[in-house]
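> Provided below for reference: sequence and predicted model.
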Amino acid sequence: MTKPDDSELFGNRFLTSRPPAKKFPEEGMTATDAMRLLDVDLAMEGDPQRNLATFVTTWMEPEAQRIIAENLHRNFIDHAEYPISAEIEQRCVRMLADLFNAPGETTGCRTQGSSEAIMLGALSLKWKWRERRRAAGLAADRPNLIFGGDVHVVWEKFCRYFDVEPRIVPLAEDKYTIGPEDVEPHLDENTIGVVAVLGTTFTGHKDDIVGIDKLLRDVREKRDLDIPIHVDGASGAFVWPFLYPDSKWDFRLEQVRSINVSGHKYGLVYPGIGWLVFREESDLPTDLVFHENYLGKTDATFTLNFSTGASMVLAQYYNFVRYGRQGYTYIMQMMQENARTLADNLRNSGHFEVIGSDREQLPLVAFRLAGKRAYDESDIAWQLSAERGWMVPAYTLPPNAEQVKIMRVLVKETLSREQIHRLSQDIDDACRTLDAKGATHESERDMVKRGTGY
């Protein structure tokens, strides 16, 4: 009988040899070795509970985790074999349509996230514009789309991938969203739509959607141009209905024709799940719907992705029936209260000014240094990471506000009041350290993660 290797008795072989990295391995390994290999690698990543940059959900209830685990093998797109999963998707769409005040029967779908939902929503704008142009005997070869510098990069991706001219409204210092006065100069007969953001990744505010809607209704009457609004509610569409229910941004406004939202952000589901909801069924162009039957029955599909697991759809439905309006309202209010406490702590420290906390905003705190210092926000981000392991982004705003650098903390349900006070103290301590030693070295600053959602 062969004597077992010591690594089999007391550890695993990757304690003393490098893991497979460049070539497909010739041999396999034990399940325990494979698990430990991954565990050891992942232990070097940041702790998701201390990642205050991400909008993505980092915790779900054990019951939801069980539903996810038990349905990872279920291919959502196979409606012939898994019709209940398809029905649950449509339940979620109908519930979201109700939440967004749709006036009647509508349609929509789940997506891998808001990026896919945005691509589909924007394609619908382009196709409907092209239908109108061709019906009037007009050229349809120069489409343009209007949005502010406060959008996610996916909107620029859409324009580049699908040959649409982006008309981007620049931001300015102390003006981090857009309104009708910014949109009007860019409108013309080739405008396929206007994008309005509900809860920007930069400061958490919303564009003036009411004002943009009024402008587009006036343009419809005076210039006979029917230009729709798509609301990018990736973060905000699961926040505003519960924190600001009387604030109009959704299908209560006539020109709002489609809305996307990320279930894996404030929908409280793990990644990746997004949703696209149309105002009416007619807002989805029939040319974008494909029919296939190779999975056993004829199904209509208009998503960009095809095969995907059903587990996150089921997890979203779990949250809807688990929390309801009452539960979601409680969770959003709890996060908002903690965000206000953090904002107060930062103001009282004397180091910072808080940006826009007096307006409707996501449960986050956007802030920047008050006055001149020997260091900047990027130095604080590095010091916080080095001293306490907090991941807090520091970034510059889009043109023409690129001279403004801010920091932002996402306050989610995993950030307790005790942690809020501990974070506040850690930020204060980081500033005191930098007051004493000066700015971080360039080599340290180069290690700081940048961007609004890394």
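Thanks, I have the structure now.

> Any regions of the stretch 301-450 of the chain where pLDDT drops low?
Within the stretch 301-450 of the chain, the stretches with pLDDT under 70 are 443-450.

> Show me the strands in it, by range?
Assigned by DSSP state E, counting those that start in this stretch, the strands in the stretch 301-450 of the chain fall at 352-354, 364-369, 394-396, 405-410.

> quick one, longest helix in this protein?
helix 311-349 (DSSP state H).

> Which strand or helix spans Ile168?
Element membership for Ile168 (DSSP states H and E) is strand 165-169.

> count of residues packed around Lys222?
8 (other CB atoms under 10 Å). (C-beta placed from N, C-alpha, C; glycine too.)

> any idea what it is structurally, helix, strand or coil?
Under the three-state scheme (DSSP: H, G, I helix; E, B strand; the rest coil), Lys222 adopts helix.

> How about the contacts made by Leu225?
Each residue near Leu225 by CB atoms under 8 Å, 6 or more residues apart in numbering is listed here: Leu187, Asp188, Glu189, Thr191, Val219.

> tell me the SS of it?
coil.

> what about it, distance to Ile192?
Counting by CB to CB, to the nearest Å, the separation of Leu225 from Ile192 is 11 Å.

> Asp213 now?
Per CB to CB, Asp213 is found 17 Å from Ile192.

> Quickly run through the sheet partners of the strand holding Ile168, with directions.
According to DSSP bridges, strand 165-169 forms sheet pairs with strand 144-148 (parallel).

> for the next helix or strand after the partner strand, packing partners?
Reading on from strand 144-148 to the C-terminus, the next helix or strand found by DSSP H and E is helix 154-161. With contacts defined as 3 or more CB pairs under 8 Å, 6 or more residues apart in numbering; DSSP states H and E, helix 154-161 has these neighbours: helix 114-135, strand 144-148, strand 165-169.

> how far out from the middle of the chain is the second one?
Spelled out, it's strand 144-148. Computed by CA atoms, centre = their mean, to the nearest Å, the chain-centroid distance of strand 144-148 equals 19 Å.

> Would you mind writing the CA trace of it as CSV?
Provided in CSV are the C-alpha atoms of strand 144-148 (Å, rounded to 0.1, in the frame of the first residue of the first chain):
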residue,chain,number,x,y,z
ASN,A,144,-28.8,60.8,-31.7
LEU,A,145,-29.4,60.2,-27.9
ILE,A,146,-29.2,62.9,-25.2
PHE,A,147,-27.9,62.3,-21.8
GLY,A,148,-25.8,64.0,-19.1
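
> tilt between that strand and helix 114-135?
Between the axes of strand 144-148 and helix 114-135, defined by axes from the mean of the first three to the mean of the last three CA atoms, to 10 degrees, the angle is 140 degrees.

> Residues in contact with strand 144-148: which ones?
122, 125, 155, 158-159, 164-169, 171, 177-178, 182-183, 186-188, 190-195, 197, 207.

> Go ahead and build a PyMOL selection from the buried members of those.
Burial among the contacts of strand 144-148 is assessed by 16 or more other CB atoms under 10 Å; the matching PyMOL selection reads:
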select buried, resi 122+125+155+158+159+164+167+168+169+171+177+178+182+183+187+190+191+192+193+194+195+197+207
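
> measure stretch 301-317 end to end?
21 Å (CA to CA, to the nearest Å).

> Can you name the residues in contact with it?
Against stretch 301-317 from outside (CB under 8 Å, 6+ apart): 60, 64, 67-69, 71-77, 82, 85, 88-89, 91-92, 109-112, 116, 119-120, 263-264, 267, 269-273, 284, 288-292.

> Just the buried ones from the residues you listed, in ChimeraX syntax?
Burial among the contacts of stretch 301-317 is assessed by 16+ other CB under 10 Å; the matching ChimeraX selection reads:
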select :60,64,67,68,71,74,76,77,82,85,88,89,92,109,110,111,112,116,119,120,263,264,267,269,270,271,272,273,284
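
> Among the contacts of stretch 301-317, which are located in strands?
Members of these lying in strands (criterion: DSSP state E): Cys109, Arg110, Thr111, Phe290, His291, Glu292.

> Secondary structure element for Ile192, which one?
Per DSSP H and E: strand 191-197 holds Ile192.

> Tell me where the model's unsure across the stretch 151-300 of the chain.
In the stretch 151-300 of the chain (pLDDT under 70), the answer is 293-298.

> can you give me the helices in it?
154-161, 180-183, 209-223, 240-243 (DSSP state H, counting those that start in this stretch).

> Could you say which of those is packed most deeply?
Of all those, helix 240-243 has the most neighbours on average by mean count of other CB atoms under 10 Å, namely a mean of 22.

> Would you mind measuring from the spatially closest residue to Trp59 that is not a sequence neighbour to Ala117?
Spatially, and ignoring its direct neighbours in sequence, Trp59 is nearest to Thr414 (4.9 Å; CB to CB, 6 or more residues apart in numbering). The spacing between Thr414 and Ala117, counted by CB to CB, is 25 Å.

> In TSV, list the helices of the stretch 151-300 of the chain along with distance to Lys22.
Output for those, formatted as TSV (distance: least, CB to CB, whole Å):
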stretch	distance to Lys22
helix 154-161	31
helix 180-183	50
helix 209-223	50
helix 240-243	48
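
> closest to Met407 out of those?
Each of the helices of the stretch 151-300 of the chain has some distance to Met407 by CB to CB; the shortest is helix 240-243, at 22.4 Å.

> Lys405: what's it in contact with?
When contacts are counted by CB under 8 Å, 6+ apart, Lys405 touches Arg368, Asp376, Glu377, Ser378, Ala394, Tyr395, Thr396, Leu397.
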